[in-house]
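Enquirer: show me the folded form of this:
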Amino acid sequence: MNILVTGGSGFIGSHVVDKLVGEGHDVRVFDEHKPLRGDVEWFKGNILNENDILEACKDMEIVYHLAAVADVNVALSHPTLCLQVNEIGTMNVLNAASSMEVERVILASTTWVYGKTEGTVDENTPLPPPDHIYTKTKIGQEHLFISWQKHTGLPYTILRYDIPYGPRMRANMAIAIFVRKAMQKEPITVFGDGNQGRCFIHVDDLAQGNVAALQPSASNHIFNLAGSEFVTINKIVEVLREKFKDLKIEHAPPRPHDFKGAIISIEKARQLLKWEPEISFENGLKDFIKYMQGQKS
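Expert: Just a heads-up that it's a prediction; the model follows:
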């Protein structure tokens, strides 16, 4: 198929592009930055320019929408930019997709939309009012996709990613910070009892989940894409200690408003998409350490 990936030069987007090309699809990347591979078409553009995205959607069958302000710190420091890119940019994508008669749009959302809901959450869990500007814009994106389908009939798929990790990840993401500190023999700070965690997902598994969402059965559905295990900070430290025997740990009191984390159910993706993660957190983290060590040499 002819597939457009907005944000296809970024951390997750570049891995999605890799998988799509590997499956034999013709991929066009819409991004301000050049793609990491040379065998895809590059449409350099800005998501806030309606003409740019309209032109990029021409002759496309599927659009993956990953372009966003995804760094929560940037969202806090530049809230207007976050709102414009994530919501107005999404509106531009939907408008262009309809105008160019795209068959379906696939949104990269996040499990942040569940807020601080505790226990196990699935796609039917009610979303609480957002407590972060980033979360507000991601919920806004989802609402735009759903309401646009009701108005225009344009099919959608919404994918809620848990915290991804792996090659090409941003340096300020938690796993990258931990590994870098371990390599530089700097202490890692564990707040509280260290039992807070996430269902971290290796970016390779996440990209494969995006490809699985091409199936017709994914149309007009929301799916969680998360790791199959709840990984605590203590577990991360345990795996790091296997690789770095002299790992230094500093303990600090729990931070106010720290969230213990929720277990993200991926049963719906298992059932409808026949997808589940294949890389255990332990193996994924060890591979990422090798990748980081290779980058340093």
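
Enquirer: can we go C-alpha only for contacts and neighbour counts from here?
Expert: Will do.

Enquirer: can you give me the helices in the stretch 101-250 of the chain?
Expert: 133-152, 174-183, 203-212, 233-243 (DSSP state H, counting those that start in this stretch).

Enquirer: mind listing what's buried in the last one?
Expert: Okay, so that is helix 233-243. Buried residues in helix 233-243, counted by 16 or more other Cα atoms under 10 Å: I233, K235, I236, V237, L240.

Enquirer: what is it packed up against?
Expert: For helix 233-243, the packing partners by 3 or more Cα pairs under 8 Å, 6 or more residues apart in numbering; DSSP states H and E come out as helix 281-296.

Enquirer: F30 sits in which helix or strand?
Expert: Using DSSP states H and E, F30 falls within strand 26-31.

Enquirer: if we can go back for a sec, can you redo the helices of the stretch 101-250 of the chain as CSV with distance to N224 and mean pLDDT?
Expert: Output for the helices of the stretch 101-250 of the chain, formatted as CSV (distance: least, Cα to Cα, whole Å; pLDDT from 0 to 100):
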stretch, distance to N224, mean pLDDT
helix 133-152, 13, 98
helix 174-183, 21, 94
helix 203-212, 9, 98
helix 233-243, 22, 94
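
Enquirer: can you list the ones you listed in JSON lines and add distance to L36?
Expert: Below are the helices of the stretch 101-250 of the chain laid out as JSON lines (distance: least, Cα to Cα, whole Å):
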{"stretch": "helix 133-152", "distance to L36": "26"}
{"stretch": "helix 174-183", "distance to L36": "20"}
{"stretch": "helix 203-212", "distance to L36": "15"}
{"stretch": "helix 233-243", "distance to L36": "29"}
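
Enquirer: residues touching Q149, list them.
Expert: P155, Y156 (Cα atoms under 8 Å, 6 or more residues apart in numbering).

Enquirer: now it: how far from I133?
Expert: According to Cα to Cα, to the nearest Å, Q149 and I133 sit 25 Å apart.

Enquirer: is it true that I177 touches Y165?
Expert: No: I177 lies out of contact with Y165 (Cα atoms under 8 Å); the separation is 11.2 Å.

Enquirer: rewinding a little: and which of the buried residues of helix 233-243 is nearest to A207?
Expert: I236 (22.4 Å; Cα to Cα).

Enquirer: okay, and the beta partners of F43?
Expert: F30 (DSSP bridges).

Enquirer: now for it, how many residues are close by?
Expert: A count of nearby residues for F43, using other Cα atoms under 10 Å, gives 22.

Enquirer: which residue sits farthest out from the middle of this protein?
Expert: In the chain, the residue that sits farthest from the middle, by Cα atoms, centre = their mean, is D246; the gap is 32.4 Å.
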